[in-house]
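J.: Sequence below, structure please.
(one chain, ligands or ions: 1)
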Amino acid sequence: MTPISVPPAHDARPTPVQLAMFRTQLEEQRQFRLEQLEELRALDPGHLSEVTDALAAGARAAMHDVRTALHRMDTGSYGTCTDCGALLAIERLEVLPQVGQCLPCRREASVSAER
Ligand SMILES: [Zn+2]
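T.: Below you'll find the predicted structure:
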């Protein structure tokens, strides 16, 4: 019996296969947000409201996250925290491939944003 050693996912960088998968997800999300923003732009001004404003703001923020994640992928820093450089858990990237911060940094950022 040959034991297969699998490195623990939480201290491993994404493999090229995983990176390709995350890129596909990010590109799908970018496309989705682009379409969403276009639909919102195409709305009759009479239909604009706080809800459509909030939707557009959310879509723009999501687009920004997706774009910067794709940029990090191009520059080779994808998968590490943008603040402290710690490796991000693959399981988190699988759920949210656009995340750029580890959990402690994320928490700190949201706390200071509330101040
Ligand atoms: Zn961090």
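
J.: The spatially most central residue of the chain and H47: what is the separation?
T.: Nearest to the geometric centre of the chain sits Q98, at 1.1 Å (C-alpha atoms, centre = their mean). Distance of Q98 to H47, computed by C-beta to C-beta, to the nearest Å: 29 Å. For the C-beta atoms, the positions are set from N, CA and C on the backbone; glycine is no exception.

J.: can you pull the buried residues of stretch 47-62?
T.: For stretch 47-62, burial by neighbour count (16 or more other C-beta atoms under 10 Å) applies to 55-56, 59, 62.

J.: how about low-confidence regions in the chain?
T.: Within the chain, the ranges that satisfy pLDDT under 70 run 1-11, 114-115.

J.: one more time with 90
T.: 1-13, 44-48, 109-115 (pLDDT under 90).

J.: Now do the helices in it.
T.: With DSSP state H as the criterion, the chain has helices at 16-41, 50-75, 90-95, 103-114.

J.: Using a markdown table, please lay out those helices together with distance to T82.
T.: Output for those, formatted as a markdown table (distance: least, C-beta to C-beta, whole Å):
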| stretch | distance to T82 |
| --- | --- |
| helix 16-41 | 15 |
| helix 50-75 | 7 |
| helix 90-95 | 13 |
| helix 103-114 | 8 |
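
J.: Close to the ion: what parts of this structure are there?
T.: Residues of the chain lying close to the ion (C-beta under 5 Å from the ion) are 81, 83-84, 86, 102, 105.

J.: could you flag which of those are buried?
T.: Here, 16+ other C-beta under 10 Å leaves 81, 102, 105 buried among the residues of the chain next to the ion.

J.: Backbone dihedrals for the first one, please?
T.: Meaning C81. phi -70, psi 130 (degrees, to the nearest 10).
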